[in-house]
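*Asks:* here is a sequence with its predicted model. Questions after.
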Amino acid sequence: MSHHAAALFDVHAGQGLRQFTELALALLLSSLIGLEREARQKSAGLRTHTLVGVGSALFMEVSIHGFGALLGTDGVALDPSRVAAQVVSGIGFIGGGLIFVRKDAVRGLTTAATIWLTCAIGMACGGGLPLLAIGATAVHFLVVRGFSWVSERFGSGPSFGRVELRLTYQPQQGLLGRMLEMCTGSGFRVTDVQVETGAENPRIAAEVLLRLEGSGSAHPLVEALTELEGVRGVALGRRGDSTE
(Lines give C-alpha, C1' and ligand atoms only; values in the text may rest on other atoms or scores of the structure.)
Protein backbone atom coordinates (compact mmCIF):
# COMPACT_ATOMS: atom_id res chain seq x y z
CA MET A 1 0.00 0.00 0.00
CA SER A 2 2.85 2.34 0.88
CA HIS A 3 4.57 1.44 -2.38
CA HIS A 4 1.40 2.37 -4.27
CA ALA A 5 1.17 5.72 -2.46
CA ALA A 6 4.79 6.51 -3.28
CA ALA A 7 4.15 5.74 -6.93
CA LEU A 8 1.51 8.45 -7.05
CA PHE A 9 4.23 11.07 -6.86
CA ASP A 10 6.81 9.22 -8.87
CA VAL A 11 8.38 11.36 -11.61
CA HIS A 12 7.93 8.55 -14.10
CA ALA A 13 4.20 8.53 -13.35
CA GLY A 14 3.96 12.10 -14.64
CA GLN A 15 3.35 13.65 -11.23
CA GLY A 16 6.79 14.92 -10.35
CA LEU A 17 8.36 18.33 -9.89
CA ARG A 18 8.69 18.90 -13.61
CA GLN A 19 4.97 18.46 -14.24
CA PHE A 20 4.01 20.77 -11.38
CA THR A 21 6.51 23.34 -12.68
CA GLU A 22 4.93 23.16 -16.13
CA LEU A 23 1.47 23.71 -14.64
CA ALA A 24 2.81 26.64 -12.61
CA LEU A 25 4.30 28.19 -15.75
CA ALA A 26 0.97 27.80 -17.54
CA LEU A 27 -0.72 29.48 -14.57
CA LEU A 28 1.71 32.41 -14.70
CA LEU A 29 1.60 33.01 -18.44
CA SER A 30 -2.16 32.63 -18.81
CA SER A 31 -2.67 34.94 -15.82
CA LEU A 32 -0.56 37.62 -17.49
CA ILE A 33 -2.73 37.45 -20.61
CA GLY A 34 -5.88 37.41 -18.48
CA LEU A 35 -4.77 40.50 -16.56
CA GLU A 36 -4.26 42.37 -19.83
CA ARG A 37 -7.74 41.40 -21.00
CA GLU A 38 -9.19 42.30 -17.60
CA ALA A 39 -7.56 45.73 -17.75
CA ARG A 40 -9.28 46.33 -21.06
CA GLN A 41 -12.61 45.20 -19.61
CA LYS A 42 -13.09 42.35 -22.08
CA SER A 43 -15.81 39.74 -21.72
CA ALA A 44 -13.22 37.05 -20.92
CA GLY A 45 -10.77 38.23 -18.30
CA LEU A 46 -8.36 36.93 -15.70
CA ARG A 47 -10.27 33.88 -14.46
CA THR A 48 -11.30 32.62 -17.91
CA HIS A 49 -7.83 32.87 -19.44
CA THR A 50 -6.15 31.37 -16.38
CA LEU A 51 -8.47 28.38 -16.33
CA VAL A 52 -8.07 27.84 -20.07
CA GLY A 53 -4.28 27.94 -19.83
CA VAL A 54 -3.97 25.64 -16.83
CA GLY A 55 -6.64 23.27 -18.14
CA SER A 56 -4.89 22.97 -21.50
CA ALA A 57 -1.59 22.25 -19.77
CA LEU A 58 -3.23 19.57 -17.64
CA PHE A 59 -4.76 17.92 -20.70
CA MET A 60 -1.30 17.75 -22.24
CA GLU A 61 0.15 16.24 -19.07
CA VAL A 62 -2.58 13.60 -19.06
CA SER A 63 -2.03 12.96 -22.76
CA ILE A 64 1.72 12.45 -22.33
CA HIS A 65 1.92 10.74 -18.93
CA GLY A 66 -1.54 9.48 -18.05
CA PHE A 67 -1.52 6.26 -20.03
CA GLY A 68 1.98 5.00 -19.32
CA ALA A 69 0.63 1.94 -17.50
CA LEU A 70 -0.78 0.67 -20.79
CA LEU A 71 2.54 0.68 -22.58
CA GLY A 72 3.68 -2.79 -23.49
CA THR A 73 0.16 -4.19 -23.50
CA ASP A 74 -0.57 -6.30 -26.53
CA GLY A 75 -2.75 -4.54 -29.07
CA VAL A 76 -2.39 -1.10 -27.41
CA ALA A 77 -0.78 1.80 -29.30
CA LEU A 78 -0.68 5.23 -27.68
CA ASP A 79 -0.80 8.49 -29.61
CA PRO A 80 -0.43 11.51 -27.26
CA SER A 81 -1.31 13.91 -30.07
CA ARG A 82 -4.93 12.68 -30.07
CA VAL A 83 -5.76 14.43 -26.80
CA ALA A 84 -4.03 17.59 -27.99
CA ALA A 85 -6.12 17.60 -31.15
CA GLN A 86 -9.32 17.27 -29.12
CA VAL A 87 -8.29 20.22 -26.92
CA VAL A 88 -7.82 22.38 -30.01
CA SER A 89 -11.27 21.39 -31.27
CA GLY A 90 -12.95 21.85 -27.90
CA ILE A 91 -11.60 25.34 -27.27
CA GLY A 92 -13.56 26.51 -30.30
CA PHE A 93 -16.79 26.25 -28.29
CA ILE A 94 -15.52 28.78 -25.77
CA GLY A 95 -14.12 31.08 -28.42
CA GLY A 96 -17.29 30.91 -30.50
CA GLY A 97 -19.38 31.86 -27.47
CA LEU A 98 -17.44 35.11 -27.12
CA ILE A 99 -18.24 36.39 -30.62
CA PHE A 100 -21.36 38.51 -31.09
CA VAL A 101 -22.73 40.29 -34.13
CA ARG A 102 -24.72 43.41 -33.37
CA LYS A 103 -25.99 45.42 -36.30
CA ASP A 104 -22.88 46.32 -38.31
CA ALA A 105 -20.38 45.47 -35.57
CA VAL A 106 -18.68 42.17 -34.79
CA ARG A 107 -17.67 41.98 -31.16
CA GLY A 108 -15.32 39.61 -29.36
CA LEU A 109 -13.09 38.40 -32.21
CA THR A 110 -9.87 39.52 -30.54
CA THR A 111 -10.89 38.04 -27.20
CA ALA A 112 -11.80 34.73 -28.86
CA ALA A 113 -8.43 34.67 -30.62
CA THR A 114 -6.71 35.39 -27.31
CA ILE A 115 -8.51 32.42 -25.69
CA TRP A 116 -7.30 30.26 -28.57
CA LEU A 117 -3.71 31.49 -28.11
CA THR A 118 -3.88 30.98 -24.34
CA CYS A 119 -4.95 27.39 -24.95
CA ALA A 120 -1.93 26.89 -27.20
CA ILE A 121 0.37 28.42 -24.58
CA GLY A 122 -1.00 26.08 -21.91
CA MET A 123 -0.51 23.10 -24.23
CA ALA A 124 3.08 24.18 -24.88
CA CYS A 125 3.73 24.33 -21.12
CA GLY A 126 2.20 20.90 -20.56
CA GLY A 127 4.10 19.50 -23.53
CA GLY A 128 7.46 20.52 -22.10
CA LEU A 129 8.06 23.51 -24.42
CA PRO A 130 8.46 26.42 -21.96
CA LEU A 131 10.50 28.65 -24.27
CA LEU A 132 7.84 28.49 -26.97
CA ALA A 133 5.17 29.25 -24.37
CA ILE A 134 7.05 32.30 -23.09
CA GLY A 135 7.73 33.47 -26.64
CA ALA A 136 4.05 33.13 -27.59
CA THR A 137 3.06 35.15 -24.51
CA ALA A 138 5.45 37.89 -25.56
CA VAL A 139 3.93 37.81 -29.05
CA HIS A 140 0.48 38.31 -27.52
CA PHE A 141 1.53 41.55 -25.83
CA LEU A 142 3.34 42.69 -28.96
CA VAL A 143 0.22 42.17 -31.07
CA VAL A 144 -2.47 43.57 -28.76
CA ARG A 145 -0.38 46.50 -27.55
CA GLY A 146 2.09 47.25 -30.31
CA PHE A 147 -0.19 46.55 -33.25
CA SER A 148 -2.87 48.84 -31.83
CA TRP A 149 -0.37 51.67 -32.02
CA VAL A 150 0.60 50.67 -35.56
CA SER A 151 -3.08 50.54 -36.61
CA GLU A 152 -3.65 54.01 -35.25
CA ARG A 153 -0.60 55.41 -37.04
CA PHE A 154 -0.76 53.47 -40.30
CA GLY A 155 -4.28 52.05 -40.34
CA SER A 156 -5.50 50.57 -43.59
CA GLY A 157 -8.83 52.31 -43.18
CA PRO A 158 -9.43 55.87 -44.32
CA SER A 159 -8.49 58.73 -42.01
CA PHE A 160 -11.32 61.04 -41.07
CA GLY A 161 -11.04 64.73 -40.29
CA ARG A 162 -14.56 64.73 -38.91
CA VAL A 163 -16.42 61.69 -37.68
CA GLU A 164 -19.93 60.85 -36.56
CA LEU A 165 -20.53 57.92 -34.24
CA ARG A 166 -24.00 56.69 -33.36
CA LEU A 167 -23.88 54.44 -30.33
CA THR A 168 -26.63 52.27 -28.91
CA TYR A 169 -25.95 51.25 -25.34
CA GLN A 170 -27.51 50.06 -22.11
CA PRO A 171 -27.89 53.00 -19.72
CA GLN A 172 -25.67 52.45 -16.70
CA GLN A 173 -23.64 54.51 -14.31
CA GLY A 174 -20.70 56.21 -15.99
CA LEU A 175 -20.87 54.38 -19.34
CA LEU A 176 -21.34 57.52 -21.45
CA GLY A 177 -18.44 59.17 -19.67
CA ARG A 178 -16.23 56.15 -20.34
CA MET A 179 -17.13 56.24 -24.04
CA LEU A 180 -16.23 59.92 -24.22
CA GLU A 181 -12.93 59.22 -22.47
CA MET A 182 -12.15 56.52 -25.04
CA CYS A 183 -12.81 58.98 -27.85
CA THR A 184 -10.51 61.63 -26.42
CA GLY A 185 -7.94 58.99 -25.48
CA SER A 186 -7.85 57.89 -29.14
CA GLY A 187 -6.85 61.39 -30.25
CA PHE A 188 -10.27 62.77 -31.17
CA ARG A 189 -11.91 65.93 -29.90
CA VAL A 190 -15.61 65.69 -29.07
CA THR A 191 -17.37 68.62 -30.71
CA ASP A 192 -21.00 67.63 -30.13
CA VAL A 193 -22.99 65.16 -28.04
CA GLN A 194 -26.66 64.47 -28.81
CA VAL A 195 -28.55 62.01 -26.66
CA GLU A 196 -31.46 60.71 -28.73
CA THR A 197 -34.68 58.99 -27.71
CA GLY A 198 -35.43 56.03 -29.95
CA ALA A 199 -38.37 53.71 -30.24
CA GLU A 200 -36.99 51.34 -27.65
CA ASN A 201 -37.55 51.72 -23.94
CA PRO A 202 -34.92 54.28 -22.79
CA ARG A 203 -34.41 52.25 -19.63
CA ILE A 204 -33.27 49.31 -21.76
CA ALA A 205 -31.37 51.06 -24.57
CA ALA A 206 -30.25 54.60 -25.26
CA GLU A 207 -28.71 56.22 -28.32
CA VAL A 208 -26.16 58.98 -28.51
CA LEU A 209 -24.71 60.78 -31.53
CA LEU A 210 -21.10 61.91 -31.13
CA ARG A 211 -19.40 64.31 -33.51
CA LEU A 212 -15.63 64.08 -33.38
CA GLU A 213 -12.64 65.74 -34.98
CA GLY A 214 -9.21 64.17 -35.30
CA SER A 215 -6.43 63.19 -37.67
CA GLY A 216 -6.23 59.47 -36.94
CA SER A 217 -8.18 56.48 -38.17
CA ALA A 218 -11.52 55.98 -36.45
CA HIS A 219 -11.68 52.22 -36.98
CA PRO A 220 -9.57 51.24 -33.93
CA LEU A 221 -11.84 53.47 -31.83
CA VAL A 222 -14.95 51.79 -33.24
CA GLU A 223 -13.52 48.36 -32.47
CA ALA A 224 -12.70 49.38 -28.90
CA LEU A 225 -16.17 50.85 -28.35
CA THR A 226 -17.95 47.75 -29.68
CA GLU A 227 -16.08 45.58 -27.18
CA LEU A 228 -17.03 47.82 -24.26
CA GLU A 229 -19.44 46.12 -21.87
CA GLY A 230 -22.94 47.60 -22.26
CA VAL A 231 -22.48 48.90 -25.83
CA ARG A 232 -24.97 47.24 -28.16
CA GLY A 233 -23.94 48.79 -31.46
CA VAL A 234 -21.68 51.39 -33.07
CA ALA A 235 -22.23 52.96 -36.50
CA LEU A 236 -19.56 55.10 -38.15
CA GLY A 237 -19.94 57.75 -40.84
CA ARG A 238 -18.38 60.89 -42.17
CA ARG A 239 -19.83 64.20 -41.12
CA GLY A 240 -23.06 64.59 -43.01
CA ASP A 241 -23.32 60.91 -44.00
CA SER A 242 -26.03 58.65 -42.64
CA THR A 243 -24.84 56.56 -39.71
CA GLU A 244 -27.62 53.99 -39.85
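*Replies:* Happy to help now that I have it.
*Asks:* when you work out contacts or count neighbours from here on, use the C-alpha atoms and nothing else.
*Replies:* Fine.
*Asks:* check contacts around residue 114.
*Replies:* residue 140 (Cα atoms under 8 Å, 6 or more residues apart in numbering).
*Asks:* can we start the residue count at 453 from this point?
*Replies:* With 453 as the first residue, the last one maps to residue 566.
*Asks:* okay, and it sits in which element?
*Replies:* helix 561-578 (DSSP states H and E).
*Asks:* and the helices in this protein?
*Replies:* 454-460, 469-491, 498-517, 533-549, 561-578, 582-593, 599-606, 627-637, 671-678 (DSSP state H).
*Asks:* those helices: which one's closest to residue 664?
*Replies:* helix 627-637 (8.0 Å; Cα to Cα).
*Asks:* what about the closest residue to residue 533 other than its chain neighbours, how many neighbours?
*Replies:* Using Cα to Cα, 6 or more residues apart in numbering and skipping residues adjacent in sequence, the residue nearest residue 533 is residue 515, 7.4 Å away. Neighbours of residue 515 under the rule other Cα atoms under 10 Å: 20.
*Asks:* report the contact partners of residue 515.
*Replies:* Counted by Cα under 8 Å, 6+ apart, residue 515 has contacts 532-536.
*Asks:* tell me how far the most centrally placed residue in the chain lies from residue 548.
*Replies:* Nearest residue to the geometric centre of the chain (Cα atoms, centre = their mean): residue 563, 2.3 Å. For residue 563, the distance to residue 548 (Cα to Cα, to the nearest Å) stands at 10 Å.
*Asks:* sorry, back to before: redo the helices of the chain as CSV? Include mean pLDDT and distance to residue 619.
*Replies:* Converted to CSV, the helices of the chain look like this (pLDDT from 0 to 100; distance: least, Cα to Cα, whole Å):
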stretch, mean pLDDT, distance to residue 619
helix 454-460, 47, 57
helix 469-491, 89, 22
helix 498-517, 87, 28
helix 533-549, 76, 23
helix 561-578, 87, 19
helix 582-593, 92, 29
helix 599-606, 64, 21
helix 627-637, 85, 9
helix 671-678, 84, 9
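*Asks:* just put those in JSON lines and tack on distance to residue 614.
*Replies:* What follows is the helices of the chain, written out as JSON lines (distance: least, Cα to Cα, whole Å):
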{"stretch": "helix 454-460", "distance to residue 614": "67"}
{"stretch": "helix 469-491", "distance to residue 614": "29"}
{"stretch": "helix 498-517", "distance to residue 614": "37"}
{"stretch": "helix 533-549", "distance to residue 614": "35"}
{"stretch": "helix 561-578", "distance to residue 614": "27"}
{"stretch": "helix 582-593", "distance to residue 614": "31"}
{"stretch": "helix 599-606", "distance to residue 614": "16"}
{"stretch": "helix 627-637", "distance to residue 614": "13"}
{"stretch": "helix 671-678", "distance to residue 614": "13"}
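*Asks:* out of those helices, flag the one nearest residue 661.
*Replies:* Closest among the helices of the chain, using Cα to Cα: helix 627-637, at 11.1 Å.
*Asks:* just the angle between the closest one and helix 671-678, please?
*Replies:* Counting by axes from the mean of the first three to the mean of the last three Cα atoms, to 10 degrees, helix 627-637 points 160 degrees away from the direction of helix 671-678.
*Asks:* all good on my end, thank you.
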